[in-house]
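K.L.:
sequence plus the predicted model coming up.
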Amino acid sequence: MDEDFLSDLRRRLLYEGLCEVGFSRIDETVPPDLARYHYAVTLMYRMSDAVVDEIDNSPTYAYFQHYRAANALLDRCALITCEMLRREGAAAYPIAASQSVHDRGDKYTGIYQHKSAAVAAGLGWIGKSALFVSPKHGPRVRLATVLTDAELPCETVPMESRCGSCTLCVKACPSGAILGKNYVRGMERSEIFDAEKCSRHMKQAFGHIGRGAVCGLCMRACPWGASLNH
């Protein structure tokens with residue numbers, strides 16, 4: 001893909017409100033039905049510190065609304081990306097910022113894992129919480145992905161976990177879903193995180209806030225990207 005086009009794409013997406021844009025080659029992680037797409041554009045939005053810092057023992061109404069607004073912005077940016085790629089003659093497939101599918105053997109997963117593309121793009125790593133962690137923004141981000149058959153520049157090296165011995169997210173998790181292990185590429189999510197336990201607790205404890213769709217305590221606890229570091 002032409003460098004001028006990629007510069008224009010990045011500039012447009014940052015103007016729309018994203019904090020980072022990444023490119024990656026993703027052959028090993030694409031589901032069989034999406035195998036025609038060998039590249040991905042990662043879209044990243046930085047959540048508001050003012051909203052995230054309010055999270056204490058439970059998510060807030062402001063956080064739930066901010067979460068939904070961030071997802072909507074990311075989905076819009078994914079559509080913009082698809083249209084810009086289409087005009088260049090490339091095929092593009094948007095992956096929603098937040099959407100679970102129930103016909104792939106895991107009802108707590110999406111069509112494609114945004115974290116996989118973001119790590120492949122060298123933008124960060126997968127933390128003990130199973131959240132994507134950016135070295136600059138921490139886990140205080142939301143992600144979306146656009147798969148494409150356009151050849152993209154992919155010279156970055158995936159980051160390994162930098163969580164080390166930190167267990168703040170483990171201690172902050174009210175459900176006990178975070179198992180405390182550092183993620184190593186190739187691990188199944190279940191080796192570090194119990195998604196069913198997390199989801200069940202959110203629905204039981206926080207059903208009055210956003211129908212139990214959000215928590216955020218582990219994100220709030222992470223020292224990476226915390227507002228006090230800026």
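P.N.:
Ah, there it is.
K.L.:
could you check how far His137 is from Cys222?
P.N.:
10 Å (CB to CB, to the nearest Å). No exception for glycine: its C-beta is placed from N, CA and C like everyone else's.
K.L.:
and Leu152, by the same measure?
P.N.:
Leu152 is 29 Å from Cys222, by CB to CB.
K.L.:
packing partners of the longest helix seen in the chain?
P.N.:
Across the chain, the longest stretch assigned as helix under DSSP state H is helix 61-87. Here helix 61-87 touches helix 3-16, strand 39-46, helix 49-52, strand 92-95, strand 141-148, going by 3 or more CB pairs under 8 Å, 6 or more residues apart in numbering; DSSP states H and E.
K.L.:
would a markdown table of the ones you listed with mean pLDDT, distance to Thr60 and mean neighbour count be doable?
P.N.:
Converted to a markdown table, these look like this (pLDDT from 0 to 100; distance: least, CB to CB, whole Å; neighbours: other CB atoms under 10 Å):
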| stretch | mean pLDDT | distance to Thr60 | mean neighbour count |
| --- | --- | --- | --- |
| helix 3-16 | 96 | 26 | 14 |
| strand 39-46 | 97 | 18 | 26 |
| helix 49-52 | 96 | 7 | 17 |
| strand 92-95 | 96 | 27 | 21 |
| strand 141-148 | 98 | 16 | 26 |
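K.L.:
list the contacts for Ala144?
P.N.:
Residues in contact with Ala144, defined by CB atoms under 8 Å, 6 or more residues apart in numbering, are 42-43, 71, 74-75, 77-78, 94-97, 114.
K.L.:
could those residues go into CSV alongside distance to Cys163?
P.N.:
Below are the contacts of Ala144 laid out as CSV (distance: CB to CB, whole Å):
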residue, distance to Cys163
Thr42, 20
Leu43, 24
Asn71, 25
Leu74, 25
Asp75, 29
Cys77, 28
Ala78, 28
Pro94, 30
Ile95, 25
Ala96, 27
Ala97, 24
His114, 19
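K.L.:
pretty sure Gly13 contacts Cys82?
P.N.:
Careful, residue 13 is Leu; it's not Gly. No - in this structure, Leu13 is not within contact of Cys82 by CB atoms under 8 Å, at 11.9 Å.
K.L.:
what sits against the residue most central in space within the chain?
P.N.:
Geometric centre of the chain, nearest residue: Leu143, 3.8 Å, by CA atoms, centre = their mean. Leu143 makes contacts with 42-45, 74, 97, 114-115, 118, 132, as judged by CB under 8 Å, 6+ apart.
K.L.:
excluding its backbone neighbours, what's nearest it?
P.N.:
His114 (3.8 Å; CB to CB, 6 or more residues apart in numbering).
K.L.:
quick check, the one you found in contact with Gly124.
P.N.:
No - using CB under 8 Å, His114 is not in contact with Gly124; the gap is 11.2 Å.
K.L.:
how much space between the nearest residue to Ala78 once chain neighbours are set aside and Lys171?
P.N.:
Leaving aside its chain neighbours, Ala78 sits nearest to Pro94 (3.9 Å; criterion: CB to CB, 6+ apart). According to CB to CB, Pro94 and Lys171 sit 36 Å apart.
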